[in-house]
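K.L.:
Predicted model and sequence below, questions to follow.
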Amino acid sequence: MRWNSRTRCAIVCLGFVLLFSTFSFRLIYLQMIKHDQYAGLAAEKHVIKQPIFANRGTILDVNNEVLANNVPVETVVADATHLTDIEATVDLVTNELQLPHGEVSEKLHTGRRYVVLKREVAKANADSLRQKLRSKNLRGIYFEEDATRIYPNGVMLCHVIGFTDFEHRGIQGVEGSLDEYLRGQDGYRYIEHNRAGQEIVLYRGQERAPRNGYQVHLTVDLNLQNIVENELDAAMREYSPKKAVIILMRPQTGEILAIANRPAFDLNKRSEAKPEQMKNRAICDMMEPGSTFKIVTAAAALNEHKFSLDSYVFCENGVWNYGGTPLHDHAAFGDLSVKDILVKSSNIGAAKLAVTLGDQKFYEYIRRFGFGERTGIELPGEIPGVIRPPQSWSKISITHIPMGHEIGVTPLQMATAMCAIANGGKLMTPRIVKAITTSDSKTISTISPIVLRQVISSQTANQIGTALRGVVSDRGTAAPAAVPGFTIAGKTGTAQKVGPHGGYEKGKEVVSFCGYLPAERPEFVGIVVLDEQNYGGLVAGPIFSRIAEKAARYLDLEPHEEIRKAIPVERVALTSSSRH
């Protein structure tokens with residue numbers, strides 16, 4: 001076969017047609033059939049979903065004083081695929097961020113596209129590193145805006161506020177229990193980088209703005225909290241108790257005005273805190289209340305009309321054998337009125353009141369006062385305490401429980417029970433949260449007072465209040481709890497300390513005082529509890545007195561007119577002045 005020019009031309013043209021057809025089919029295959037796959041690969045290499053972090057909500061006291069807030073910081077991250085000089089970058093990052101050289105080198109040699117080098121880097125340090133990276137033309141290191149949680153008051157309110165972890169999740173306290181409100185919702189944006197690792201702003205893609213966390217307003221007044229914390233610290237220095245708790249509550253609403261525990265810890269140095277320092281003992285420590293529990297016994301007896309306040313009970317001259325076991329009083333009392341059973345804190349008198357009521361009815365009143373169940377305060381870790389049903393009582397339980405033995409309660413439960421005496425017989429749910437708002441003060445939720453039930457009649461509550469005024473007098477066990485110019489109602493408690501394996505620890509007692517001021521129109525209820533001390537009236541009473549006097553000044557409470565006339569003029573001036 002002879003090849004002429006026409007044949008050769010046709011073959012060449014056919015070759016070009018086949019070649020261009022192949023390229024065309026390849027382009028169609030890549031651009032249409034494989035488009036999504038290769039677009040995804042390109043996006044993985046050049047497009048990043050960048051989180052836009054929401055600011056965590058602020059925690060405030062009742063007067064909008066900041067208790068927990070955020071400080072802007074940056075997180076330094078690396079994209080190992082964009083690094084231009086690994087060794088130089090390792091040296092620079094190590095020096096600027098004060099990180100171990102080996103740790104940084106290991107992270108940057110992984111080849112991963114997202115490596116966290118250090119969190120919570122101060123703005124000044126981040127700016128210095130950023131500038132030096134640019135001056136040396138080192139690429140692959142990026143900076144993400146973030147915030148760290150700070151607590152301006154350090155130790156103050158540490159058990160109530162709680163803290164967050166490095167992922168900004170709430171741990172303990174209000175930070176934990178209201179995390180869903182405080183946390184907010186992070187946003188995001190899709191950004192594209194060029195080959196040098198710089199963002200191409202024109203190609204910025206889909207974006208969703210973050211929703212910042214809500215603000216939480218507490219019922220706590222930082223001025224009252226400061227009074228409580230200072231007195232608690234003074235008590236720790238003077239008496240050296242193993243543990244201590246003080247709570248102030250508003251009886252009409254159940255609002256917590258101040259609450260403090262010792263031992264405590266600095267929220268800004270929580271990594272140094274020991275487990276025993278982080279325990280909120282006001283709600284998760286169980287104690288035998290001792291004689292403060294006699295308010296429940298007397299209230300039940302009066303409310304059931306088994307006795308009147310002036311009814312007399314024979315107190316056996318100090319020793320009463322019941323169920324084959326002697327029950328002792330701290331003094332040889334004969335006939336005592338129900339009022340004086342509280343004033344003198346007679347164990348035998350309280351036991352006889354309970355015996356008259358009977359096991360089941362007495363148990364019902366204990367439960368009606370809220371013992372044996374959680375109070376419902378907005379804090380994590382609360383325990384219900386221990387109240388055994390009558391079926392499991394021994395023969396002498398009916399004589400020991402009335403004086404606060406054989407039961408386990410929390411300080412908050414005891415304060416809540418005293419609030420029911422102070423407010424006319426209503427059991428309130430304790431509240432630590434006042435409201436939840438947005439950052440621009442729009443209300444999301446307001447926490448209203450919750451009345452759980454009417455435990456006793458208002459008449460019975462007034463009768464118990466009358467008796468409790470006598471406790472804080474020269475005739476009672478808590479004379480040192482008195483506050484010049486005011487009538488105080490309250491009750492002391494001294495109970496043997498229960499050991500970790502059951503039984504009582506010899507020579508170790510828990511002392512307390514629980515009372516309210518002014519007795520005729522209560523503004524606050526306070527409880528003071530000290531572990532491993534003696535004589536509640538002589539130790540806890542004076543602490544309550546100092547706190548109550550300072551709190552009355554701050555709250556601008558007017559002294560009782562009759563008491564004002566009975567005390568020296570200079571003392572009246574001291575009580576009435578220096579408020580706020």
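P.N.:
The structure has been received and is ready for your questions.
K.L.:
residues in contact with the closest residue to Ala78 other than its chain neighbours?
P.N.:
Spatial nearest neighbour of Ala78, chain neighbours left out: Val115 (4.5 Å); criterion: CB to CB, 6 or more residues apart in numbering. For glycine as for every other residue, the C-beta is placed from the backbone atoms N, C-alpha and C. Counting by CB atoms under 8 Å, 6 or more residues apart in numbering, Val115 touches Val77, Ala78, Asp79, Ala80, Lys107, Leu108.
K.L.:
As TSV, those residues with neighbour count, distance to Tyr365 and secondary structure would be great.
P.N.:
Shown next, in TSV, are the contacts of Val115 (neighbours: other CB atoms under 10 Å; distance: CB to CB, whole Å; DSSP: H, G, I helix; E, B strand; the rest coil):
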residue	neighbour count	distance to Tyr365	secondary structure
Val77	18	62	strand
Ala78	24	66	strand
Asp79	18	68	coil
Ala80	17	70	helix
Lys107	18	64	helix
Leu108	22	69	helix
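K.L.:
How much space separates the nearest residue to Pro72 once chain neighbours are set aside from Leu27?
P.N.:
Leaving aside its sequence neighbours, Pro72 sits nearest to Ala147 (CB to CB, 6+ apart; 5.6 Å). Using CB to CB, to the nearest Å, one obtains 49 Å as the distance from Ala147 to Leu27.
K.L.:
Give me the more crowded residue out of the two.
P.N.:
Ala147 (17 against 10; other CB atoms under 10 Å).
K.L.:
quick one, phi psi at that one?
P.N.:
Backbone torsions for Ala147, taken as degrees, to the nearest 10, come to phi -150, psi 150.
K.L.:
where does it land on pLDDT?
P.N.:
pLDDT recorded at Ala147 is 84.
K.L.:
Spit out the contact partners of it.
P.N.:
Phe53, Asn55, Arg56, Asn70, Val71, Pro72, Val73.
K.L.:
helix/strand/coil for the second one?
P.N.:
The assignment at Asn55 comes out as coil when based on DSSP: H, G, I helix; E, B strand; the rest coil.
K.L.:
Next up, the contacts around the nearest residue to it once chain neighbours are set aside.
P.N.:
Spatial nearest neighbour of Asn55, excluding adjacent residues (CB to CB, 6+ apart): Asn212 at 4.4 Å. Neighbour list for Asn212: Ala54, Asn55, Arg56, Gly57, Gly184, Ser439 [criterion: CB under 8 Å, 6+ apart].
K.L.:
State whether the fourth one and Glu180 are indeed in contact, as I suppose.
P.N.:
No - proximity of Gly57 to Glu180 does not meet the contact threshold set by CB atoms under 8 Å, at 10.5 Å.
K.L.:
who's more crowded, those two?
P.N.:
Gly57 (25 against 10).
K.L.:
Tell me the spacing between that one and Asn70.
P.N.:
9 Å.
K.L.:
and Val483, what does it touch?
P.N.:
Contact analysis of Val483 by CB under 8 Å, 6+ apart lists Leu517, Ser545, Ala548, Glu549, Ala552.
K.L.:
which residues does it bridge with?
P.N.:
Phe486 (DSSP bridges).
K.L.:
for stretch 175-193, what is the average pLDDT?
P.N.:
In this model, stretch 175-193 has a mean pLDDT of 84.
K.L.:
chain center to it: distance?
P.N.:
22 Å (CA atoms, centre = their mean, to the nearest Å).
K.L.:
And for stretch 111-128?
P.N.:
32 Å.
K.L.:
now stretch 372-381
P.N.:
For stretch 372-381, the distance to the chain centre is 11 Å (CA atoms, centre = their mean).
K.L.:
Can you mark which positions in that stretch are buried?
P.N.:
Neighbour-count burial for stretch 372-381 flags Gly372, Thr375, Gly376, Ile377, Glu378, Leu379, Pro380 (criterion: 16 or more other CB atoms under 10 Å).
K.L.:
ok, now stretch 269-279?
P.N.:
Arg270, Ala273, Gln277, Met278, Lys279.
K.L.:
Which one of the residues you listed is nearest to Asp61?
P.N.:
Minimum distance to Asp61 across those is 20.3 Å, recorded for Arg270 (CB to CB).
K.L.:
which of the contacts of Val115 has the weakest pLDDT?
P.N.:
Ala80 (81).
K.L.:
wait, it sits on Gly111?
P.N.:
Yes - the pair Ala80 / Gly111 is scored as a contact, 5.0 Å apart, by CB under 8 Å.
K.L.:
Only the C-alpha atoms, please, for stretch 438-455, written as CSV.
P.N.:
Provided in CSV are the C-alpha atoms of stretch 438-455 (Å, rounded to 0.1, in the frame of the first residue of the first chain):
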residue,chain,number,x,y,z
THR,A,438,-28.9,38.2,78.6
SER,A,439,-25.8,40.4,78.4
ASP,A,440,-28.0,43.4,77.5
SER,A,441,-30.2,42.8,80.6
LYS,A,442,-33.2,41.1,79.0
THR,A,443,-34.7,38.7,81.5
ILE,A,444,-34.6,35.0,80.5
SER,A,445,-35.9,33.7,83.9
THR,A,446,-36.7,35.0,87.3
ILE,A,447,-36.7,32.6,90.2
SER,A,448,-39.7,33.2,92.5
PRO,A,449,-40.0,32.1,96.1
ILE,A,450,-41.4,28.6,96.5
VAL,A,451,-43.5,27.7,99.5
LEU,A,452,-43.3,23.9,99.9
ARG,A,453,-45.9,23.6,102.6
GLN,A,454,-47.3,25.1,105.8
VAL,A,455,-45.4,23.0,108.4
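K.L.:
Compute the number of surrounding residues for Pro480.
P.N.:
The burial count for Pro480: 18, using other CB under 10 Å.
K.L.:
With Ile447 instead?
P.N.:
18.
K.L.:
measure the residue nearest to it when sequence neighbours are not counted to Val62 for me?
P.N.:
Counting by CB to CB, 6+ apart, Ile447 lies nearest to Val433, which is 5.2 Å off, once chain neighbours are set aside. Distance of Val433 to Val62, given as CB to CB: 10 Å.
K.L.:
Neighbour count for those two, which is higher?
P.N.:
Each of Val433 and Val62 has its neighbours counted (other CB under 10 Å); Val433 has more, 23 against 17.
K.L.:
For the more buried one, give its distance to Gly173.
P.N.:
11 Å.
K.L.:
Run a quick check on Leu248 versus Phe544, I expect a contact.
P.N.:
No - counting by CB under 8 Å, Leu248 does not reach Phe544; the two are 10.0 Å apart.
K.L.:
Can you mark which positions in the helix or strand hosting Gly493 are buried?
P.N.:
Using DSSP states H and E, Gly493 sits in strand 489-498. Neighbour counts using 16+ other CB under 10 Å place Ala489, Gly490, Lys491, Thr492, Gly493, Thr494, Ala495, Gln496, Lys497, Val498 of strand 489-498 among the buried residues.
K.L.:
Can you tell me which one of those sits lowest on pLDDT?
P.N.:
Val498 (74).
K.L.:
My guess is that residue contacts Tyr504. True?
P.N.:
Yes - here Val498 reaches Tyr504: they are 6.2 Å apart, a contact under CB under 8 Å.
K.L.:
Can you tell me which of the contacts of Val115 comes closest to Val338?
P.N.:
Using CB to CB, those come closest to Val338 at Val77, 72.0 Å.
K.L.:
How far away from the center of its chain is stretch 425-438?
P.N.:
Per CA atoms, centre = their mean, the centroid offset for stretch 425-438 relative to its chain is 14 Å.
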